[in-house]
Each structure stands twice: as structure tokens, then as C-alpha cells.
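Participant: Return a 3D structure for these sequence lines:
(one chain, ligands or ions: 1)
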Amino acid sequence: MNNVPILLQALRGAAKTPPPIWLMRQAGRYLPEYMAERQKFPDFMEFCFNSDVVTKVTLQPIERFDFDAAIIFSDILTIPHFLGQTVKFEKGHGPILAKVDWTDFLKNSEQKDLSNDYQPLFQSITDVKNALPSDKALIGFAGSPWTIGTYMIGGGKSKGFSEIVKFAETQSQTFKGILDLLTDQVIKLLLGQIKAGCDVVQIFDSWAAAVPVQQREEWLWSPLRKIYKAIKTVYPETPIIYYGKGISLDYPALIPDLPGVCFGLDQSVDVKWANSAIQKFAPVQGNLDPEKLVMGDFQKDVQNILENLSVGPFVFNLGHGILPETPIPHVHQLIELVKGWKS
Ligand code: CP3
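Facilitator: Coordinates of the predicted model:
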């Protein structure tokens with residue numbers, strides 16, 4: 001059988017009843033089978049670059065839940081890691097990135113080709129693609145230049161974003177160098193992932209809302225348009241999902257420059273508004289509150305989402321990544337609800 005995956009159908013503009021479903025961060029710590037693999041690797045980056053283990057943990061949520069798509073297991077911080085900024089993950093602390101001298105760092109990073117470093121990831125993509133049934137899609141991803149940059153500049157453990165915004169405004173040439181470098185590397189990484197077998201790519205812009213409104217054109221949209229153009233030039237048929245957390249009010253103005261892009265909606269977005277302001281012109285994805293999935297009281301919200309958004313091109317997902325404390329039976333219940341939906 002050679003079915004077009006339902007995720008691709010929705011991303012190309014079809015309204016599907018029921019819609020496709022996958023969950024951001026679906027491979028991860030809420031799964032005991034993930035923890036069993038993770039325990040074997042003290043170093044998270046080593047875990048991310050072991051081809052066999054990446055293939056295995058990418059497929060785990062598909063085997064357990066039969067989601068409509070797999071997302072390749074990796075992390076948005078692999079780019080700084082390979083550019084030479086030490087990235088450490090410590091239990092309970094999140095990522096910690098080493099301080100660097102930006103003048104030296106930018107000089108050393110110029111035109112760096114990371115394709116060899118990414119070979120194990122590309123190998124896993126090819127292996128996952130071969131193992132997936134033909135009706136399931138494989139998603140590749142990268143962070144947005146801004147969101148990756150917040151970790152690189154803030155060292156990962158900054159309490160807020162005011163220091164990073166201040167750095168960007170006071171050291172604007174250096175900051176522009178960092179954004180340009182990251183834009184270039186994000187493009188190369190996404191092109192490499194598509195070449196290796198990804199059907200779709202998602203750009204995670206989890207900290208987009210920290211950018212002051214008057215800086216968004218330069219720090220967010222200009223890099224995003226560059227990434228969009230570079231991908232569409234080589235792979236015009238590959239759908240792109242842009243997940244900008246906390247900035248969906250900006251989406252309507254972006255649509256004309258990014259035709260075909262699917263917009264990720266976080267849990268704060270009103271779905272009625274999203275239908276009239278965004279979905280009339282572009283596919284959307286989202287937006288169940290991940291806390292609701294933990295608590296188990298999500299039936300009403302799911303119904304509201306489906307009533308308002310399954311009328312157009314729509315991908316069911318959470319408003320942000322699934323939380324490690326999410327009970328597995330709740331995920332099964334969610335999928336049953338969505339897959340049982342009749343308009
Ligand atoms: O979606 C998937 O299943 C694919 C895997 C994936 C990971 N990270 C694995 C991971 C994806 C898509 C990401 C993206 C990512 N990484 C983002 C954007 C999405 C979001 O949630 O906002 C961000 C901001 C990061 C950076 C990052 N990586 C942080 C802040 C942390 C530690 C804190 C946390 O969320 O747990 C990581 C580590 C990480 N990346 C883990 C996983 C499963 C947990 C580490 C572990 O297993 O010990």
C-alpha cells in the first residue's frame with residue numbers, strides 16, 4: 001500500500017475528519033521505555049547521536065500509541081554543541097551552555113560544515129523512514145535562530161530574557177552575527193533532514209514571545225523567511241510547520257510571505273479566533289494545554305478544539321511539549337477521543 005500520510009494531506013490543505021494527531025516531545029521521559037534507553041547514557045548529547053538508540057526511541061511512541069507521525073529524536077541544542085559551545089544537561093537544571101568569547105566564536109564558526117557531525121542523525125532518519133508504515137509521516141525539526149540563540153547567549157540558566165534582549169540591543173553587530181550564523185546552520189540542518197527522508201519539518205520557536213514587538217521583524221521574521229525560501233527552493237513540496245509560542249497574534253500578517261506554512265497554536269490561543277484569522281488562509285496545529293493532559297480533564301477542551309478547527313486543515317497536537325509527569329492512560333484516552341471524532 002502506498003497511502004499518502006494523513007498528516008501530509010492536512011498540511012497540504014485538506015480538512016480531515018478525524019484529523020491527524022501527534023504530540024510535541026512525544027518521545028521522552030513520560031515513557032518508561034524511553035527512560036530505560038536513556039539510563040544507558042549519562043551524556044544526553046551522546047544519546048542524541050547514537051543512531052540505533054535514536055531510531056529506537058523515535059519509534060517508541062508510534063509503537064505504543066499509533067500516532068500519525070514520528071518526530072525524529074534530537075534536540076535544538078545540537079547546533080551550538082557542534083559549533084563548539086559546550087552543552088551540558090544536568091538533572092533538574094535543564095541545559096547549561098558554556099560562556100564563550102563571541103568574536104572568536106563567530107570567527108571560528110564561519111562557514112562551518114556540520115554535515116559529518118550530523119551523519120548519525122541522518123542515518124537514523126533513513127532507518128526510521130524505512131521502518132515506518134507508508135501511512136505515517138516523519139517530521140524533522142530545528143529550533144528557530146532566536147530560540148537557539150537565547151540558550152547560547154544566556155547560558156541556558158537565565159531566569160528571564162531581559163539580559164538576552166539587552167545583549168541583542170547593545171551588542172547588535174555580534175547579535176546579528178549569531179543570528180546569521182544560526183539561520184545558515186538551521187537551513188543546512190533542515191535540508192539535510194529532508195534529504196535523509198523527513199516528510200515535514202517543524203521550526204520550534206518556544207521563546208518567540210520574549211522578543212519586543214518592534215524587534216520581531218529583524219530577530220524573528222526575517223530569519224524565518226530566509227529559512228522558508230531556502231527550503232522551498234530545494235524542496236517545494238515539503239510542508240513546514242512554524243511553532244511560535246505566545247505570538248499567534250502576529251501570524252495573520254505573516255501568512256502572505258509564507259504560503260503553505262502550518263502555524264502551531266499554543267494553549268493560550270482562542271480556537272474560534274484561530275479559525276477565522278488564520279485557518280481560513282493556512283493550516284494550523286495545536287492546541288490542547290499539556291497540563292490538562294496531565295490532570296485528565298481534557299474532554300471539553302478537545303471537543304471545543306475539534307468543533308472549531310477540524311472544519312479546515314488541522315493537525316491535533318498539544319499547545320507545548322508533553323510533560324514528563326503525563327500518565328500514559330491519558331494519552332490513550334486523548335487519541336481515542338480524537339480518532340472517534342465525527343463532525
Ligand atoms: O518531540 C520529540 O519527541 C523529539 C525530541 C525533542 C527533544 N527536544 C528531546 C529532549 C524535541 C523536538 C526537542 C526540542 C527542544 N529542545 C525545544 C523546543 C520545544 C520546547 O519544548 O519548547 C527546546 C526549548 C529544547 C531545549 C531543551 N532540551 C531543554 C530545555 C531540555 C531540558 C529540559 C526539558 O525540557 O526536559 C532539553 C533536553 C531534552 N530534549 C530532553 C528530551 C527528551 C530531556 C532530557 C533527558 O532525557 O534527560
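
Participant: so where's the stretch 201-343 of the chain shaky on pLDDT?
Facilitator: Of all residues in the stretch 201-343 of the chain, none has pLDDT under 70.

Participant: how does it look with 80?
Facilitator: 343 (pLDDT under 80).

Participant: Kindly report the residues of it close to the ligand.
Facilitator: 204, 206, 321 (Cβ under 6 Å from any ligand atom). (C-beta placed from N, C-alpha, C; glycine too.)

Participant: mind listing the strands for the stretch 201-343 of the chain?
Facilitator: Assigned by DSSP state E, counting those that start in this stretch, the strands in the stretch 201-343 of the chain fall at 240-244, 262-265, 284-288, 314-318.

Participant: In TSV: these, plus mean neighbour count.
Facilitator: Below are these laid out as TSV (neighbours: other Cβ atoms under 10 Å):
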stretch	mean neighbour count
strand 240-244	24
strand 262-265	27
strand 284-288	25
strand 314-318	28
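
Participant: re the thing from before, scan the residues of the stretch 201-343 of the chain next to the ligand and report the most crowded one.
Facilitator: Neighbour tally across those (other Cβ atoms under 10 Å): the maximum, 23 neighbours, falls on residue 204.

Participant: wait, that residue sits on residue 145?
Facilitator: No. Using Cβ atoms under 8 Å, residue 204 is not in contact with residue 145, being 11.3 Å away.

Participant: Can you tell me how far the residue of the stretch 201-343 of the chain found nearest the ligand is from residue 329?
Facilitator: Nearest to the ligand, among the residues of the stretch 201-343 of the chain, is residue 206, at 3.2 Å (Cβ to the nearest ligand atom). Between residue 206 and residue 329 the distance, using Cβ to Cβ, to the nearest Å, works out to 27 Å.

Participant: now do residue 126
Facilitator: Counting by Cβ to Cβ, the gap from residue 126 to residue 329 is 34 Å.

Participant: the more surrounded of those two?
Facilitator: Between residue 126 and residue 329, residue 126 has the larger neighbour count (other Cβ under 10 Å), namely 16 against 9.

Participant: follow-up on the earlier one: hey, what's in contact with both of residue 204 and residue 145?
Facilitator: The contact sets of residue 204 and residue 145 do not overlap (Cβ atoms under 8 Å, 6 or more residues apart in numbering).

Participant: what's stretch 57-66 in contact with?
Facilitator: Stretch 57-66 has contacts (Cβ under 8 Å, 6+ apart) with 23, 26-27, 31, 33-34, 37-38, 67, 70-73, 124, 128, 131-132, 136, 328, 331-332, 335.

Participant: same thing but 6 Å
Facilitator: Stretch 57-66 is contacted by residues 26, 27, 31, 33, 34, 37, 67, 70, 72, 73, 128, 335 when judged by Cβ atoms under 6 Å, 6 or more residues apart in numbering.

Participant: Only whichever of those are buried, select them in ChimeraX.
Facilitator: Here is the ChimeraX command that picks out the buried ones among the contacts of stretch 57-66, judged by 16 or more other Cβ atoms under 10 Å:
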select :26,27,31,34,37,67,70,72,73,128,335
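
Participant: can you put the contacts of stretch 57-66 in a markdown table and add distance to residue 297?
Facilitator: Output for these, formatted as a markdown table (distance: Cβ to Cβ, whole Å):
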| residue | distance to residue 297 |
| --- | --- |
| 26 | 21 |
| 27 | 25 |
| 31 | 22 |
| 33 | 27 |
| 34 | 25 |
| 37 | 31 |
| 67 | 22 |
| 70 | 28 |
| 72 | 32 |
| 73 | 30 |
| 128 | 34 |
| 335 | 17 |
